[in-house]
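Peer 1: return atomic coordinates for the entry below.
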Amino acid sequence: MLLFFLCLHKVCLNIHKVTFLSMNHMHRNLARLKFLLGLSDTQCFS
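Peer 2: You can find the predicted model right below:
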């Protein structure tokens, strides 16, 4: 029974890690997109 809970805990941790990494990755991509959009905006206006 204890082993089962330990495995479950490990799986939950892995899922949490994966979601955190993908969210972090998405956040970076969004920041890059905003940066690129900002660049194109300034180029359009100048």
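
Peer 1: ok, now how distant is the most centrally placed residue in the chain from Phe4?
Peer 2: The chain has Met23 as the residue nearest its centroid, 1.8 Å off, counting by Cα atoms, centre = their mean. Distance, Met23 to Phe4, by Cβ to Cβ, to the nearest Å: 28 Å. All C-beta spots, glycine's among them, are computed from the backbone N, C-alpha and C.

Peer 1: and Leu3, what is it in contact with?
Peer 2: Under the criterion of Cβ atoms under 8 Å, 6 or more residues apart in numbering, Leu3 has no neighbours.

Peer 1: quick revisit: what helix or strand is the residue nearest to the centre of the chain located in?
Peer 2: helix 2-45 (DSSP states H and E).

Peer 1: tell me the mean pLDDT for that helix?
Peer 2: The pLDDT scores in helix 2-45 average 86.

Peer 1: just how off-centre is that helix within its chain?
Peer 2: 0 Å (Cα atoms, centre = their mean, to the nearest Å).

Peer 1: do the same with stretch 1-8
Peer 2: Using Cα atoms, centre = their mean, the offset of stretch 1-8 from its chain centre is 28 Å.

Peer 1: please save the CA atoms from that stretch in PDB.
Peer 2: The C-alpha coordinates for stretch 1-8 follow below in PDB (Å, rounded to 0.1, in the frame of the first residue of the first chain):
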ATOM      1  CA  MET A   1       0.000   0.000   0.000                       C
ATOM      2  CA  LEU A   2       2.800   2.400   0.900                       C
ATOM      3  CA  LEU A   3       4.600   1.600  -2.300                       C
ATOM      4  CA  PHE A   4       1.500   2.400  -4.300                       C
ATOM      5  CA  PHE A   5       1.300   5.800  -2.700                       C
ATOM      6  CA  LEU A   6       5.000   6.400  -3.300                       C
ATOM      7  CA  CYS A   7       4.600   5.600  -7.000                       C
ATOM      8  CA  LEU A   8       1.500   7.800  -7.200                       C
END
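
Peer 1: renumber starting at 29 from here on
Peer 2: I'll keep to 29 as the first residue from here, and by that count the last item is stretch 29-36.
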